[in-house]
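>>> model this:
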Amino acid sequence: MQHLDKTSDLKSIQPEVGFTLSVKKPIGWTSFDVVNKIRYHLKFLWKKKKVKVGHAGTLDPLAEGLLILGVGKGTKVLENWMGEEKVYSGHFKLGCVTPSFDAETEEMGHKSTEGIEFDQLLEASKEFSGYIKQYPPVYSAVKKDGVKLYKMARRGEKVDLPERVVNIESFEILDWNNPIVAFRVKCGKGTYIRSLASDFGEKLGTGAYLVSLNRESIGSCHINEAFEIDELLSALNEVSD
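Sure, this is the predicted structure:
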């Protein structure tokens, strides 16, 4: 299956065969926003009523970074991409928590982070290596009895979270500027970085939540080769003229 990024010649696109491509998701967009934008544009360019477009793994609206999209028959191989190792970087804030484990909801449970040293962060990070157990955030698209957790949470329902085992290949602490921790994680399928933030804060006894996130890579595909959305749309326009 042909995979396209900004180093590719888009003249080689064969709509009837399908393809996958690397795209940067901006902060504030949902993953579906990106899919919808590309789908609408391709329908217009190819003069088709229907073009199948999907993605290989959701990024939260407040996150940015690499999305792998599948177009046409390319959607059939997205499951393969979902199983690829991923690399994320970003920042946690220590000293408080939020219901969503990120900046989408209000801070609560404030605690002092005075005296927390970089070495303590390194030591705590060692607990999150290899295969570990995680609970997804209540505010997530994970389903319980066929219903997405965030819908149950917004209705005020009590949610028994489904446990999952995930693989953390590496968890690096890059910098500590109290109360902000810079990190990089290499992980397997199904890992919630928001849950990692929450569990890391619990281990330290301070609480923590995710304040920024960037998906740098999926398998061999890196964000540096991914199309900006406007860049992709312009390139598609050029090859269709």
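>>> Quickly list the domain ranges of this structure.
Domains of the chain are assigned by automatic domain parsing as 3-83+219-240, 86-218.
>>> Just put these in a markdown table and tack on mean neighbour count and mean pLDDT.
C-beta coordinates here come from the backbone N, C-alpha and C atoms, glycine included. Putting the domains of the chain into a markdown table (neighbours: other Cβ atoms under 10 Å; pLDDT from 0 to 100) gives the following:
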| stretch | mean neighbour count | mean pLDDT |
| --- | --- | --- |
| domain 3-83+219-240 | 17 | 94 |
| domain 86-218 | 17 | 91 |
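>>> Contacts only, for residue 104.
By Cβ atoms under 8 Å, 6 or more residues apart in numbering, the contact list for residue 104 reads 60-62, 98, 139.
>>> mind listing which of those are in strands?
Using DSSP state E, no member of the contacts of residue 104 sits in strands.
>>> can I get these in CSV with distance to residue 223?
Output for the contacts of residue 104, formatted as CSV (distance: Cβ to Cβ, whole Å):
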residue, distance to residue 223
60, 16
61, 18
62, 17
98, 26
139, 25
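>>> Farthest pair within those?
Within those, 61 and 98 form the most distant pair, 14.5 Å apart (Cβ to Cβ).
>>> Okay, helices next: where are they in this structure?
Along the chain, counting by DSSP state H, helices occupy 31-46, 78-82, 118-125, 149-154, 193-204, 229-240.
>>> The biggest strand by length in the chain - contacts with which helices or strands?
If you go by DSSP E, the chain has its longest strand at strand 164-177. Packed against strand 164-177 by the contact rule (3 or more Cβ pairs under 8 Å, 6 or more residues apart in numbering; DSSP states H and E) you find helix 118-125, strand 130-134, strand 180-187.
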